[in-house]
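Visitor: predicted structure and sequence below. I'll ask about it afterward.
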Amino acid sequence: MIVCSCQSISDKDIHAAIDWMRASDVHAIITPGKIYRALGKTPDCGGCMKLFVQKMRQNDNLEIPLELRGLRATNPHRKEVSS
């Protein structure tokens, strides 16, 4: 299924990129931008981003490494922003 028609990226391309990045670095934080770069492409109009992220989330290898989870909540140097 084509997810990004501007750059001809399919759901299979997205999953292959995620699997490759996770195999290369088990601690990598995988983002849409990193997937585009891994595929040698750049985002264009952004109209696909909702579907792009939906397809990313279907990949089991997308999960954030256990030791990197919850860093925001445990960072003592993080400043809270009040509204």
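Guide: Yes, it's here.
Visitor: pull out the buried residues from the helix or strand hosting Lys12.
Guide: Assigned by DSSP states H and E, Lys12 belongs to helix 11-24. Neighbour-count burial for helix 11-24 flags 11, 13-15, 17-18, 21-22 (criterion: 16 or more other C-beta atoms under 10 Å). To be clear about C-beta, it is placed using only N, CA and C from the backbone, and glycine gets the same treatment.
Visitor: any idea which helix or strand in the chain has the lowest mean pLDDT?
Guide: helix 71-74 (a mean of 68; mean pLDDT, DSSP states H and E).
Visitor: chain center to stretch 59-67, what's the gap?
Guide: Its chain's average C-alpha position is 10 Å from that of stretch 59-67, according to C-alpha atoms, centre = their mean, to the nearest Å.
Visitor: what's the answer for stretch 41-56, then?
Guide: 10 Å.
Visitor: then stretch 37-54?
Guide: The answer for stretch 37-54 is 10 Å, by C-alpha atoms, centre = their mean.
Visitor: quick check, Met49 in contact with Gly33.
Guide: No: between Met49 and Gly33 there is no contact under C-beta atoms under 8 Å: 10.5 Å.
Visitor: that older thread, and the helix holding Lys12, what does it pack against?
Guide: The contact analysis (3 or more C-beta pairs under 8 Å, 6 or more residues apart in numbering; DSSP states H and E) places helix 11-24 against strand 2-4, helix 32-38, helix 49-57.
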